[in-house]
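A.B. asks: this one's structure only:
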Ligand SMILES: Nc1nc2c(ncn2[C@@H]2O[C@H](COP(=O)(O)OP(=O)(O)O)[C@@H](O)[C@H]2O)c(=O)[nH]1
Ligand SMILES: [Mg+2]
């Protein structure tokens with residue numbers, strides 16, 4: 001089953017959106033596989049955003065993402081990467097579907113509440129920054145038969 005990495009950013013935590021966001025992922029039918037509450041070290045932040053090194057928003061992004069605690073999660077399910085990206089909405093909250101998390105709760109590109117891996121490969125790379133293999137929990141849920149044909 002596909003896994004994705006999702007992280008509630010410091011603004012999402014500060015704005016008390018943690019419960020709401022987890023609730024949406026649960027209701028979608030995705031399965032929580034790992035979760036951690038932490039404040040990113042500069043090294044973790046740099047590893048996480050290595051694809052953006054050199055861009056004009058990079059320094060601000062690193063200082064923002066390390067400015068307070070985040071919720072790091074692994075969610076599992078069919079097409080989990082794309083399902084999570086759809087729940088989140090597009091990068092700029094001003095352009096995101098208003099029913100999405102970013103569209104419903106955000107206004108500013110630099111305060112878009114949530115991160116989600118953009119591919120299976122990115123998910124694998126990002127999960128390894130935050131979790132050891134043994135911290136991912138594989139388990140059955142009785143509800144699966146009501147989510148998958
Ligand atoms: N201030 C600012 N932040 C940006 C810009 N582009 C991206 N970001 C931030 O950097 C994060 C990573 O960018 P990207 O990987 O392109 O978007 P994502 O995968 O949808 O999160 C985004 O979620 C934004 O928080 C920009 O042009 N200005
Ligand atoms: Mg990205």
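C.D. replies: It's in. This is a predicted model, so every value here is computed, not measured. Ligands and ions are numbered 1, 2, ... in the order given.

A.B. asks: Now do the contacts for the closest residue to residue 10 other than its chain neighbours.
C.D. replies: Leaving aside its sequence neighbours, residue 10 sits nearest to residue 68 (Cβ to Cβ, 6 or more residues apart in numbering; 3.7 Å). Where C-beta positions appear, they are placed from N, C-alpha and C, glycine not excepted. Contact partners of residue 68, counting by Cβ atoms under 8 Å, 6 or more residues apart in numbering, are 10, 13-14, 39.

A.B. asks: Is any residue of stretch 105-122 near ligand 1?
C.D. replies: Yes: counting by Cβ under 6 Å from any ligand atom, ligand 1 is contacted by stretch 105-122 at 109-110, 112, 115, 118.

A.B. asks: Do a quick rundown of the strands in this protein.
C.D. replies: Assigned by DSSP state E, the strands in the chain fall at 3-8, 31-38, 70-76, 114-116.

A.B. asks: What pairs with the first one, parallel or antiparallel?
C.D. replies: This means strand 3-8. strand 70-76 (antiparallel), strand 114-116 (antiparallel) (DSSP bridges).
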